[in-house]
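> show me how the following folds:
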Amino acid sequence: MPRRALLSVSDKAGLPAFARGLVRLGYEIYSTGGTLRCLEDAAVDVHPVSELTGFPEILDGRVKTLHPGVHGGLLARRDSVAHMQTLEAHGLKTIDLLCVNLYPFAAAAARPGLPFEEVVEQIDIGGPAMVRSAAKNHAGVVVVVRPERYGEVLGALQQGSLNSEMRQRLAAEAFAHTAHYDAQIASWLRRPGETVFPAEMTLSGTLAQSLRYGENPHQAAAFYRTGNDPGGLGGARQLQGLELSFNNIQDAAAAYSLVGEFARPAAAIIKHMNPCGVAEAESLDQAYRLAYECDTVSAYGGVVALNRLLDPITAEQIASIFVEVVIAPRVDPESLQILSRKARIRVLEADAAARPEMDIRTVPGGFLVQSQDQAGFDRQSCSVVTQRQPTDSEWAQLAFAWLVCKHVKSNAIVLAREFSAVGVGAGQMSRVEAARLAVERAGDRSQASVLASDAYFPFADGLEVGARAGVTAAIQPGGSIRDPEVIALADQFGMAMVVTGQRHFRH
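Residues are numbered from 1 along each chain as shown. Predicted coordinates:
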């Protein structure tokens, strides 16, 4: 009995060679539309799918494979006498191999200005239906959805047949392919203003690269890209250096998000997901120097992010110490040549990316979803609660410190002066300990600095640590039952204090 293969693909890379290989193995090839023309042009012996269905394509190609002549041939169990007798009674033929990949919906949806109706036409119906039928019946049907599997499948067929383990692996890949496709469509169809958290949520991504390991060598890891043109780390271009690690990618994402907060030239140095240096200035090289001087010890082996083209002067400064990663919107050729003297440094170019709508974190047995913290600094919504008003200069520094504090793990305290984070206390179990750590790292630079706290002071002791170190102004959310004590302490030291009414916990 002849074996039959149905090929209907959007991505035609390697398809003629795959079809010829199947023909040599004795398969009859059936196909549809553009795939049929591609194979005919490549002189492959191919039959139109209408020979299986006995029915022409209709509705501008919307209906061509949604027919028992296709799905009967895919779903019939080969070990069921009744199924095989049913096919024979209706003149239907088995299909032993299905090769399908789907219309490029994500690419169409990402095209600016493409009318809604045209994007809808890129929603594949027949393709996913066939893939699911074949994957369900993978014991009898080989299902292939990725061109990179062609060689592997042909090799296995040449040796006699695919074993059950490989068939199951291909079926799992097929169901993942259709699930990813449907998730993209659902995301696109959800309109602003609709329910933020749908009753069912599917996470979808495309493998960007396998990683050597995760946070630790005993953990397996991979990086997945979301969307067709995601920007940020999902669309980053690596210009040189070692392979990116799991921790590199996390730190680079944190650093790039932080420098994206600032309109002026800015630099951030991240270590273990926390900034050990951040600054903005009139020039990028000055911003980097100030960021590095915040904590020269912790900067060693850190990840550097910049929000401007990396120029040679800044590159020379960066190359003077060991860093793991440098990421910028663009890298000047001369700057890349300077950094190439340390060939292990990973250098990335990354376009700015809109922050994902959702922040998703896994927990045992499920995952948490929240909207992203998009809040910035809004002076109009702030209240001055002390006897002394901040000066204009203090207001500017408070705004800077508040934006930095948003990117520091809780409990978080940031001391800032001259648009530079001179002391950072991150991830402490108590706010007073975070304050002490920030002051210790700032040293003499705490004099005439401002202080930002990501949440309210539960006691006045944390603010007192800053006040005794020379802090002149503070910004915090407020809302503690001990706010009067905290305000009184600020007044005692002649400090100005601003309350935002909004916290920035970052766990």
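
> could you list the low-pLDDT ranges of the stretch 251-400 of the chain?
Applying pLDDT under 70 to the stretch 251-400 of the chain picks out residues 353-356.

> and the strands in it?
266-271, 274-280, 302-306, 323-328, 346-349, 358-363, 366-371, 383-384 (DSSP state E, counting those that start in this stretch).

> do you know how far the residue of the chain most remote from its centre is from Ala76?
The C-alpha centroid of the chain is most remote from Ala89, which lies 51.8 Å away (Cα atoms, centre = their mean). With the distance defined as Cβ to Cβ, to the nearest Å, Ala89 ends up 12 Å from Ala76. Where you see a C-beta, it was placed from the backbone N, CA and C, and this is true even at glycine.

> please apply the same query to Lys64.
Counting by Cβ to Cβ, the gap from Lys64 to Ala76 is 20 Å.

> what's the answer for Asp41, then?
32 Å.

> quick one: which of the two has more around it?
Neighbours were counted for Asp41 and for Ala76 using other Cβ atoms under 10 Å; Ala76 has more, 21 against 9.

> and the pLDDT for that one?
Ala76 is assigned 90 on the pLDDT scale.

> same check on the one 4 residues further on?
In the prediction, the pLDDT value recorded for Ser80 is 87.

> ditto for the one 5 residues further on
Gln85 is assigned 89 on the pLDDT scale.

> dump the residue contacts of it.
Residues near Gln85 by Cβ atoms under 8 Å, 6 or more residues apart in numbering: none.

> Three-state assignment for it, please.
helix (DSSP: H, G, I helix; E, B strand; the rest coil).

> can you show me the helices along the stretch 1-150 of the chain?
15-24, 33-41, 50-53, 68-75, 81-89, 105-110, 116-120, 126-136, 150-158 (DSSP state H, counting those that start in this stretch).

> indicate which one of those is closest to Gln337.
helix 105-110 (34.2 Å; Cβ to Cβ).

> and the contacts of the closest one?
114, 118-119, 122-124, 181, 184-185, 188, 227-229.

> what is the burial count for Val404?
Neighbour tally, Val404, other Cβ under 10 Å: 27.

> I'd assumed Pro275 was in contact with it.
Yes - using Cβ atoms under 8 Å, Val404 is in contact with Pro275, at 6.4 Å.

> overlap of the contact sets of the two?
In contact with both Val404 and Pro275: Leu258, Ala421, Val424, using Cβ under 8 Å, 6+ apart.

> who wins for neighbours among those?
Ala421 (31 neighbours).

> beta partners for that residue?
Ala416 (DSSP bridges).

> for it, what are its contacts?
Pro275, Gly277, Val278, Ala279, Ala291, Cys294, Ala401, Val404, Val414, Leu415.

> give me the below-cutoff pLDDT ranges for the stretch 51-200 of the chain.
191-196.

> the longest helix seen in the chain to helix 150-158, inter-axis angle?
Taking DSSP state H as the criterion, the chain has its longest helix at helix 164-189. Here helix 164-189 runs at 150 degrees with respect to helix 150-158, directions being taken by axes from the mean of the first three to the mean of the last three Cα atoms, to 10 degrees.

> chain center to helix 164-189: distance?
Mean C-alpha position of helix 164-189 versus that of the full chain (Cα atoms, centre = their mean, to the nearest Å) differs by 19 Å.

> could you pull out the helices in the stretch 201-350 of the chain for me?
Using DSSP H, counting those that start in this stretch, helices in the stretch 201-350 of the chain cover 246-259, 284-294, 312-319, 333-339.

> can you give me the buried ones in the third one?
Buried positions in helix 312-319, judged by neighbour count with 16 or more other Cβ atoms under 10 Å: Pro312, Thr314, Ala315, Gln317, Ile318, Ala319.

> any chance of the helices of the stretch 1-150 of the chain in CSV with distance to Glu440 as columns?
Listed next are the helices of the stretch 1-150 of the chain as CSV, based on distance: least, Cβ to Cβ, whole Å:
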stretch, distance to Glu440
helix 15-24, 64
helix 33-41, 67
helix 50-53, 76
helix 68-75, 68
helix 81-89, 75
helix 105-110, 48
helix 116-120, 56
helix 126-136, 59
helix 150-158, 58
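
> looking at the ones you listed, which is nearest to Val498?
helix 105-110 (41.3 Å).

> centre of the chain to that closest one, how far?
Distance, centroid of helix 105-110 to centroid of chain: 17 Å (Cα atoms, centre = their mean).

> identify each buried residue in that helix, please.
Phe105, Ala106, Ala108, Ala109, Ala110.

> go on, stretch 200-218?
Ser204, Ala208, Leu211.

> buried residues, stretch 43-62. List them.
Val44, Val46, Pro48, Val49, Ser50, Leu52, Thr53, Glu57.

> what's next to that stretch, contact-wise?
Counting by Cβ under 8 Å, 6+ apart, 4, 6-8, 16, 19-20, 23, 28-33, 36, 39-40, 63-65, 67-70, 73, 92-93, 95, 125 sit against stretch 43-62.

> return the alpha-carbon coordinates of it using PDB.
The C-alpha trace of stretch 43-62 is given here as PDB (Å, rounded to 0.1, in the frame of the first residue of the first chain):
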ATOM      1  CA  ALA A  43      10.000  19.500 -10.600                       C
ATOM      2  CA  VAL A  44       8.700  17.400  -7.700                       C
ATOM      3  CA  ASP A  45       5.900  14.900  -8.600                       C
ATOM      4  CA  VAL A  46       3.000  16.300  -6.600                       C
ATOM      5  CA  HIS A  47      -0.800  16.000  -6.500                       C
ATOM      6  CA  PRO A  48      -3.300  18.700  -5.500                       C
ATOM      7  CA  VAL A  49      -5.100  18.000  -2.300                       C
ATOM      8  CA  SER A  50      -8.400  18.000  -4.200                       C
ATOM      9  CA  GLU A  51      -7.500  14.500  -5.300                       C
ATOM     10  CA  LEU A  52      -7.900  13.400  -1.700                       C
ATOM     11  CA  THR A  53     -11.100  15.400  -1.000                       C
ATOM     12  CA  GLY A  54     -12.800  15.300  -4.400                       C
ATOM     13  CA  PHE A  55     -13.700  18.900  -3.700                       C
ATOM     14  CA  PRO A  56     -12.200  22.200  -4.900                       C
ATOM     15  CA  GLU A  57     -10.800  25.000  -2.800                       C
ATOM     16  CA  ILE A  58     -13.500  27.500  -2.000                       C
ATOM     17  CA  LEU A  59     -14.100  30.800  -0.200                       C
ATOM     18  CA  ASP A  60     -10.800  32.300  -1.500                       C
ATOM     19  CA  GLY A  61      -8.900  29.400  -0.100                       C
ATOM     20  CA  ARG A  62     -10.400  29.600   3.300                       C
END
